[in-house]
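Student: sequence and predicted model, in that order:
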Amino acid sequence: MSASQEAPRDVTGAWLHSFEEDTETEAVYRPSGHAFRPARRPRRGLEFRPDGTFVERRAGPDDRRVGVEGHWERRGPDRVAVSFPAGGRPPFEITVLSRTADRLTIAR
């Protein structure tokens, strides 16, 4: 099977940024139920729902995560496009490098 015929990586689920594991080229996310070590800064969250809904969670004014809802769609086996039709954030694309049950790695 060629790269263009490769099955898309499954990104569905709720993920939190495991910034301690990042490299210069990769950002690592773990499932939202992961037992993270305490951190001084809030963790960014990405949620890809099977119905195409996307929620980006970032630190709000009081450091609690605040969600902005949008949509996601596949753009090939390793690309995901995210848009926010109601505004709130500019659209962006994610390149998925790998996905296992307990780890989602995307290009920085």
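Tutor: Good, I have the coordinates.

Student: give the bridge partners for the spatially most central residue of the chain, please.
Tutor: Geometric centre of the chain, nearest residue: L46, 3.9 Å, by CA atoms, centre = their mean. Applying DSSP bridges to L46 gives these bridge partners: W15, E56.

Student: isn't it right next to Y29, touching?
Tutor: Yes. In this structure, L46 is within contact of Y29 by CB atoms under 8 Å, at 6.3 Å. Every C-beta, even on glycine, is put in place using the N, C-alpha and C of the backbone.

Student: excluding covalently adjacent residues, which one is nearest to V80?
Tutor: Closest residue to V80 apart from its sequence neighbours, by CB to CB, 6 or more residues apart in numbering: I94 at 4.5 Å.

Student: assign a three-state SS to the one you found, would you?
Tutor: strand (DSSP: H, G, I helix; E, B strand; the rest coil).

Student: list the contacts of it.
Tutor: V11, R79, V80, V82, I106, A107 (CB atoms under 8 Å, 6 or more residues apart in numbering).
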